[in-house]
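>>> Generate coordinates for the sequence data below:
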Amino acid sequence: MDRRKRWTAVRVLVAGGTLCYGVLLGRAVTNVSGDGGSGGGDAAQFSLAGKRPAEPDLANFVKDRAAAIRLGKAFFYDQQASGDGVQACASCHFSAGADTRVRNSLNPGANGAFGAITGVFTTGPNATLVAADFPFHKLSDANNTRSAVVRDTDDISGSQGVFLRSFVQIGFGSPASDVCNSVPDPTFNVHGTNVRRVTGRNTPTNINAAFNFRNFWDGRARNEFNGVDPHGAATANAVIFRTVGGVPKPVKILLRNSSAASQAVGPPNNITEMSCDGRSFPQLGRKLMNLIPLNGQKVNPTESVLGGLANTSGGGRGLNATYVGMIQDAFKNDLWNASGTVGGFSQMELNFSLYWGLSIQLWEDTLISDDAPIDRFAAGNTAALSASAVRGLGLFTGKGRCSNCHKGPTFSDAANGEGGQAFANTGVRPVAADTGDILKGQARFKTPTLRNIELTGPYFHNGGQATLAQVVDFYNRGADFAGAFTDGQIRPLGLSSGEKADLVSFLLSLTDNRVRNRKGPFDGPEICVPIDGLSDGVSNTRCIPAVGAAGGAPFVAFQP
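Numbering: from 1, shown residues only. Down below sits the predicted model:
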């Protein structure tokens, strides 16, 4: 079939509409939403092939991009970075970039109390979520938002982090737990015994997140990275240190197109996610620069980024490198070669947040899942989608109005920049439960990417839906808590059971099998995650094996 005939067939299958071709421009997407819901164009607007995030101006920062990527991946997976020597960034992003654990994954939400507002719900910290707990807001008729409420809770399915402790000093043991004092946790405890704390929002995938103009559900990770924290220009005293006359001098920076860097520096010293209360980035730098990178964690010698540094002796754990050497290889000399100290810290320690943010961003820039069935279909392979998925594509861009927010190659308008919609109130919970967007509030949350959505449940910022069928039911009935601030696209859809099934089929076509099977660049070192809230040290953990570029056992969907 020649190209003209091939695309004619595609257009017929999609059921018409305005052709709207989207191209990612840096971390932005052109308007590809079609006519607002009456058809919406063909599959070409969703192809991610060849698209890459915009680059910040790193000429005065990064000396060797490949070295920076190696450093960023090591940082992301290193369990020694946490206050307890167990948590890593990857601990909440271990399954297709998301978190599929069901034990001790509840946060009590806005009312501060675990359990149901209406009906019956799994209660208390360290509980195990089961299928019957979903959706969190259950109606007698899933298609009718006005039907009787069977069950409702404002609890949130998040990710477990660390125990509540106050920081005393860094530690170098095995595991590399800092010296901290336990603090009674009034919320996360079982009969007075602290359990691991749980985040107040569900963990979104970090795959393709580098395209987002702002990151986190509320957008607090700014597009401009200040080198220190997530808040960009809003932190007036944020400085890094450059070598001037042989000594470190404070300098302000704001690097655009760097929301992934802004996001990356948020969790390491957060008292719920990774750290004892009171630790700083210079202290974290001092700790890690005196430890073997990834010590105790297996690294496959064929791993796509770190394989060449894998320690093949002693059980293949850790890297044959030091963080000092990796930083020197990756970053410009005037960011680390000064003599003397400021406030008792070396320049390399003072700039550790800069290294952390930029190197993780550069690694995450490689996590582009652009080989899903939808990409192959968009390239002209009409056999890449089933007949049901093709019908679902027509619904996605037409009757379902999904593409008005989940638009373009990332299936998200979060790449649109400050002028785009990016954040919306979709009526998941009442406004008072979580105000969301740091700029506008109104319970507006970032539109998440739908790529690999099959593997990244539970869904929404509160993790309140376990399956894609439940998500489609939610939108079909026009939300659960629609109000004055709810986006105008959120209204009953009138989908038949067959149409809902077709829409789910289309969503399943957004999974890149390289992500499913952990093939490079989605491979990684071993990561051992706690499986319940009482887990301490390395006991009672689930270890996800290290894999190389060829991949390994596939990830599966969230299964409560």
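>>> which intervals of the stretch 201-350 of the chain have sub-threshold pLDDT?
Counting by pLDDT under 70, the ranges of the stretch 201-350 of the chain that qualify are 314.
>>> can you pull out the helices in it?
Along the stretch 201-350 of the chain, counting by DSSP state H, counting those that start in this stretch, helices occupy 259-264, 281-288, 323-330, 347-350.
>>> What of the chain?
3-14, 65-77, 259-264, 281-288, 323-330, 347-350, 352-364, 373-378, 387-397, 468-476, 497-508, 513-516 (DSSP state H).
>>> Can you say which of those helices is nearest to Ile271?
Of all the helices of the chain, helix 281-288 sits nearest to Ile271, with 13.5 Å by CB to CB. Yep, even glycine has a C-beta here, placed from its N, CA and C like the rest.
>>> For the closest one, name the packing helices and strands.
helix 347-350, helix 352-364 (3 or more CB pairs under 8 Å, 6 or more residues apart in numbering; DSSP states H and E).
>>> Turn those into JSON lines, columns for distance to Tyr475 and mean neighbour count.
As requested, the helices and strands packed on helix 281-288 are exported to JSON lines (distance: least, CB to CB, whole Å; neighbours: other CB atoms under 10 Å):
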{"stretch": "helix 347-350", "distance to Tyr475": "48", "mean neighbour count": "24"}
{"stretch": "helix 352-364", "distance to Tyr475": "29", "mean neighbour count": "27"}
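>>> and these as JSON lines, adding distance to Ala443?
What follows is these, written out as JSON lines (distance: least, CB to CB, whole Å):
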{"stretch": "helix 347-350", "distance to Ala443": "38"}
{"stretch": "helix 352-364", "distance to Ala443": "28"}
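>>> and Ala466, which of the ones you listed is closest to it?
Per CB to CB, nearest to Ala466 of these: helix 352-364, 26.9 Å.
>>> tell me what that closest one is packed against?
Partner elements for helix 352-364 (3+ CB pairs under 8 Å, 6+ apart): helix 65-77, helix 259-264, helix 281-288, helix 323-330.
>>> thinking again about what came up before, hey, which of the helices of the chain is tucked in deepest?
By mean neighbour count, with neighbours taken as mean count of other CB atoms under 10 Å, helix 259-264 ranks first of these at a mean of 29.
>>> So what touches that helix?
27, 53, 56, 76, 89, 209-210, 212-216, 221-226, 229-232, 255, 356-358, 360-361, 364-365 (CB atoms under 8 Å, 6 or more residues apart in numbering).
>>> cool, stretch 300-307 as well?
69-70, 73-74, 294, 299, 308, 310, 312, 316, 319, 363, 366, 520-521, 523-525, 546-550.
>>> now swap in stretch 212-221 and tell me
Contacts for stretch 212-221 (CB under 8 Å, 6+ apart): 27-28, 201-202, 204, 209, 222-223, 230-231, 259-260, 262-263, 266, 412, 414-418, 420, 422-423, 436-439, 445-446, 461.
>>> Please repeat the previous calculation with a cut-off of 6 Å.
27, 201, 223, 230, 259, 262-263, 414, 417, 436-438, 445-446, 461 (CB atoms under 6 Å, 6 or more residues apart in numbering).
>>> returning to that earlier point: minimum distance to Phe485: which of the helices and strands packed on helix 352-364 has it?
helix 259-264 (23.9 Å).
>>> Low-confidence ranges, this protein, go.
For the chain, the stretches with pLDDT under 70 are 1-41, 314, 416-421, 538.
>>> at 50 instead, please
1-41 (pLDDT under 50).
>>> Name the residue most distant from the centre of this structure?
Of all residues in the chain, Gly245 has its C-alpha farthest from the mean position, at 40.8 Å, by CA atoms, centre = their mean.
>>> List the residues that contact Arg103.
Contacts for Arg103 (CB under 6 Å, 6+ apart) come out as 128, 531-532.
>>> And the residues you listed, which of them are buried?
Listed as buried from the contacts of Arg103 are 531-532; burial here means 16 or more other CB atoms under 10 Å.
>>> for the contacts of Arg103, which one is nearest Leu493?
Thr128 (33.4 Å).
>>> Kindly check the end-to-end length of stretch 284-293 for me.
13 Å (CA to CA, to the nearest Å).
>>> now do stretch 462-476
Start-to-end, stretch 462-476 (CA to CA) is 19 Å.
>>> which residues are contacting that stretch?
Contacts for stretch 462-476 (CB under 6 Å, 6+ apart): 134-136, 142-143, 156-157, 202, 458-459, 493, 495, 500, 503-504, 507, 560.
>>> quick one on the thing from earlier: out of the helices of the chain, nearest to Phe241?
Per CB to CB, nearest to Phe241 of these: helix 347-350, 4.8 Å.
>>> Centre of the chain to that closest one, how far?
28 Å (CA atoms, centre = their mean, to the nearest Å).
>>> likewise stretch 90-101?
Worked out by CA atoms, centre = their mean, stretch 90-101 lies 8 Å from the chain centre.
>>> Next, the contact list for the closest residue to Gly171 other than its chain neighbours, please.
Spatial nearest neighbour of Gly171, excluding adjacent residues (CB to CB, 6 or more residues apart in numbering): Asp178 at 4.5 Å. Contact partners of Asp178, counting by CB under 6 Å, 6+ apart, are 83, 170-171, 276.
>>> ok, now how distant is Asp178 from Pro250?
27 Å (CB to CB, to the nearest Å).
>>> if we can go back for a sec, just the buried ones from the contacts of stretch 300-307?
Listed as buried from these are 69-70, 73-74, 294, 299, 310, 319, 363, 366, 520-521, 523-525, 546-549; burial here means 16+ other CB under 10 Å.
>>> Quickly list what the residue nearest to Gly340 when sequence neighbours are not counted is bridged to.
Nearest non-adjacent residue to Gly340, counting by CB to CB, 6+ apart: Val247, 5.0 Å away. The partner list for Val247 in beta bridges (DSSP bridges) reads Val244.
>>> Could you rank the contacts of stretch 212-221 by neighbour count and give me the top one?
Neighbour counts for the contacts of stretch 212-221 (other CB atoms under 10 Å) peak at Ala414, which has 32 neighbours.
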